[in-house]
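Visitor: Sequence and predicted structure are below.
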Amino acid sequence: MTQLTKIINGNIITPQRVIANGTVILRDDKILDVTTGNPETPGATVIDAGGRYVSPGFIDLHIHGGGGADFMDATPEAFLTVANLHARYGTTAMVPTTLTAEKADLLRTLDSYAAALPLNTRGAAFLGIHMEGPYFAMSQRGAQHPKYIRNPDAAEYREILDYSPHIVRWSIAPELPGAPEMGRHLRSKGILPAIAHTDAIYDEVVEAYESGYTLATHFYSAMSGVTRRNLFRHAGVIESVYLTDEMDVEIIADGVHLPPALLKLIYKIKGPDRIALITDAMRAAGMPPGPSILGPLNGGLDVIIEDDVAKLPDYSAFAGSVATTDRLVRNMIQLADIPLPEAVRMMSLTPARIMGVAPQKGSLSPGKDADIVIMDENIRVHWTMVDGRVVFDEL
């Protein structure tokens, strides 16, 4: 039986504008119409937004955990805990992300994803797995466990790809031996290769882009800037990505990983259609400050949560963020002076386009999935709908 739902009295954020006192009409799990005023809709369930913003759901391309759980815990319960926690803050879709680890641990995480997928009815939807590592530059490892970092191994990554159909992106240091070949292989399977944890210079980034690497993972974090080799300076990954107009970037806009000046610079050069906001959140997101663990409970790295970020105990590197997606949007508005519709676009339509799901998600447009957030002027989320199901309600 068809179910009609009508969200009224909202300021509707569309890709083009904000519609004051608008209405979104849903049929089952799809958006039927977005319009001004309050049209007659016989038989519809009415939800009053109370003058708040009605936004497309937020899409997080890079996330490790939250609510005390990490995807590398490799249990379905961990996946569901993370999905449920972040839905409270407006995330309606996410790409669960691994860490550098032994192959067996990665396969267990892939198994847990497959088991959690049909059980995920109360949290943010899963869009597939993001493999972060283990093929990284040791010099740019950040908080990735050095024990497991290695060069691309064609036999290994082909086995992993054959093992699971759920991998949708893979982050790699493109200067490593075999990385260009790996990028081409991933593209042949419809998987997005991304540049990450890298000391590459310009020529290596150009080769990577030509091999299919079109996204820079957590831009500025764990990647080279201007590099001097002997007498000569070389553009690093940061400058190379700026010079490559078609290269997308994802940024951790938690207000700690990148200061306001860099948020403004990235926006000025790349613009909202090339920037995806990400949390890169670890298990302590949504939890109180104090000691925590990055990665699996057994064998992960000890970290400490303070100043609204995860740090290694020796303070040598950040160890992921504890941000939620609402905080990212709020920071881009308050710290970087970005207009609300464009901040929302970087958290919805742009990541949807990067992940190839823009025909279904990322904007409040007729025919798209009913992934919707209602939030106030301070970007505090009051209501979240995922695929037509209300998963959080504090209206």
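Guide: Received the coordinates, thanks.
Visitor: which of the residues in the helix or strand where Ile304 lies are buried?
Guide: Using DSSP states H and E, Ile304 sits in strand 301-306. Residues 301, 303-305 are the ones in strand 301-306 that count as buried (16 or more other C-beta atoms under 10 Å). Every C-beta, even on glycine, is put in place using the N, C-alpha and C of the backbone.
Visitor: now could you export just the CA positions of that strand as CSV?
Guide: Output for strand 301-306, consisting of C-alpha atoms alone and laid out as CSV, is shown next (Å, rounded to 0.1, in the frame of the first residue of the first chain):
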residue,chain,number,x,y,z
LEU,A,301,46.6,1.7,18.8
ASP,A,302,46.1,3.5,22.1
VAL,A,303,45.0,7.1,21.6
ILE,A,304,43.7,9.9,23.8
ILE,A,305,40.7,12.1,23.1
GLU,A,306,41.2,15.7,24.0
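Visitor: Start the count at 558 instead of 1 going forward.
Guide: Happy to do that; since the first residue is 558 now, the last one works out to strand 858-863.
Visitor: Please give the number of neighbouring residues around Arg790.
Guide: Arg790: 10 surrounding residues under other C-beta atoms under 10 Å.
Visitor: Please give the element, helix or strand, for it.
Guide: For Arg790, the host element (DSSP H and E) is strand 789-791.
Visitor: residues in contact with that strand?
Guide: Identification of contacts with strand 789-791 by C-beta atoms under 8 Å, 6 or more residues apart in numbering yields 758-759, 783-785.
Visitor: what element comes up after it heading to the C-terminus?
Guide: Later in the chain than strand 789-791, the nearest helix or strand by DSSP H and E is helix 794-800.
Visitor: and that next one, what does it pack onto?
Guide: Applying 3 or more C-beta pairs under 8 Å, 6 or more residues apart in numbering; DSSP states H and E, one finds that helix 794-800 contacts helix 759-767.
Visitor: if you average pLDDT over the helix it packs on, what comes out?
Guide: Computed over helix 759-767, the mean pLDDT rounds to 98.
Visitor: How about stretch 657-669?
Guide: The pLDDT scores in stretch 657-669 average 96.
Visitor: could you list every residue that touches Thr784?
Guide: Taking C-beta under 8 Å, 6+ apart, we find Thr784 in contact with 756, 758, 790-793.
Visitor: now for those residues, which pair is the farthest apart?
Guide: Largest separation among these by C-beta to C-beta: Asp756 and Arg790, giving 14.2 Å.
Visitor: rewinding a little: format the buried residues of strand 858-863 as a markdown table; extra columns: pLDDT.
Guide: Shown next, in a markdown table, are the buried residues of strand 858-863 (pLDDT from 0 to 100):
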| residue | pLDDT |
| --- | --- |
| Leu858 | 86 |
| Val860 | 92 |
| Ile861 | 93 |
| Ile862 | 94 |
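Visitor: ok, so of these, who is nearest Thr941?
Guide: Distance to Thr941, by C-beta to C-beta, is smallest for Ile862 among the buried residues of strand 858-863, at 24.5 Å.
Visitor: and that closest one, what are its bridge partners?
Guide: On the basis of DSSP bridges, Ile862 is bridged to Gly847, Ala867.
Visitor: these two touch, right, it and Met844?
Guide: Yes - counting by C-beta atoms under 8 Å, Ile862 does reach Met844; the two are 7.4 Å apart.
Visitor: Give me the common contacts of these two.
Guide: Common contact partners of Ile862 and Met844 (C-beta under 8 Å, 6+ apart): Val879.
Visitor: Ala631: what's it in contact with?
Guide: Here Ala631 is in contact with 662, 665-666, 668-669, 853 (criterion: C-beta under 8 Å, 6+ apart).
Visitor: And for Arg910?
Guide: Arg910 neighbours (C-beta under 8 Å, 6+ apart): 830, 919.
Visitor: nearest to Thr571, of the contacts of strand 789-791?
Guide: Minimum distance to Thr571 across the contacts of strand 789-791 is 38.6 Å, recorded for Tyr759 (C-beta to C-beta).
Visitor: Excluding covalently adjacent residues, which one is nearest to that closest one?
Guide: Excluding the flanking residues, the one nearest Tyr759 by C-beta to C-beta, 6 or more residues apart in numbering is Ala792, at 4.1 Å.
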